[in-house]
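>>> what follows is a predicted structure for the sequence shown.
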Amino acid sequence: MIEAMQKDKEKFIPESGYNVVGVDDFDLPGEQLYLIKHFAAREEAEAFLAARKKAHPGEKAYIYGPDTK
């Protein structure tokens, strides 16, 4: 299960820029992540995520960049 989740995460780690990635807890491990939006700059991604969390307080979302492990 952990391996499937790690492979799912790796699909959303960009080579450049930053992805805002959501988590669908109702899906199976390894298929829970989905791309919300891609940004060139981390600051843009952070501002977008902050606004999204205000609009959707129960949603889990993260920022993945090239340095995400």
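The structure has been received and is ready for your questions.

>>> mind checking pLDDT for the residue sitting nearest the centre point of the chain?
With distances taken as CA atoms, centre = their mean, the chain has Val21 as the residue nearest its mean C-alpha position (1.8 Å). Note for Val21: predicted pLDDT of 98.

>>> Leu35: neighbouring residues, count only.
Applying other CB atoms under 10 Å, we find 13 residues neighbouring Leu35. Heads up, the C-betas are built off the backbone N, CA and C, glycines and all.

>>> can you check Tyr34 too?
The tally of other residues near Tyr34 (other CB under 10 Å) stands at 13.

>>> secondary structure class for Ala47?
Judged by DSSP: H, G, I helix; E, B strand; the rest coil, the three-state class of Ala47 is helix.

>>> circling back: so the residue nearest to the centre of the chain touches Lys37, yeah?
No - the criterion here is CB atoms under 8 Å, and Val21 misses it with Lys37 at 9.3 Å.

>>> where does the protein have its least confident helix or strand?
Across the helices and strands of the chain, the lowest-confidence element by mean pLDDT, DSSP states H and E is helix 2-11, at a mean of 92.

>>> ok, then the element right after that helix?
Counting by DSSP states H and E, the next helix or strand C-terminal to helix 2-11 is strand 18-23.

>>> that following strand vs helix 2-11, what angle?
Going by axes from the mean of the first three to the mean of the last three CA atoms, to 10 degrees, strand 18-23 is angled at 140 degrees with respect to helix 2-11.

>>> so how far is Gly58 from the closest residue to Gly30 other than its chain neighbours?
For Gly30, the nearest residue in space outside its immediate sequence neighbours is Ala4; the separation is 2.9 Å by CB to CB, 6 or more residues apart in numbering. Relative to Gly58, Ala4 is positioned 24 Å away (criterion: CB to CB, to the nearest Å).
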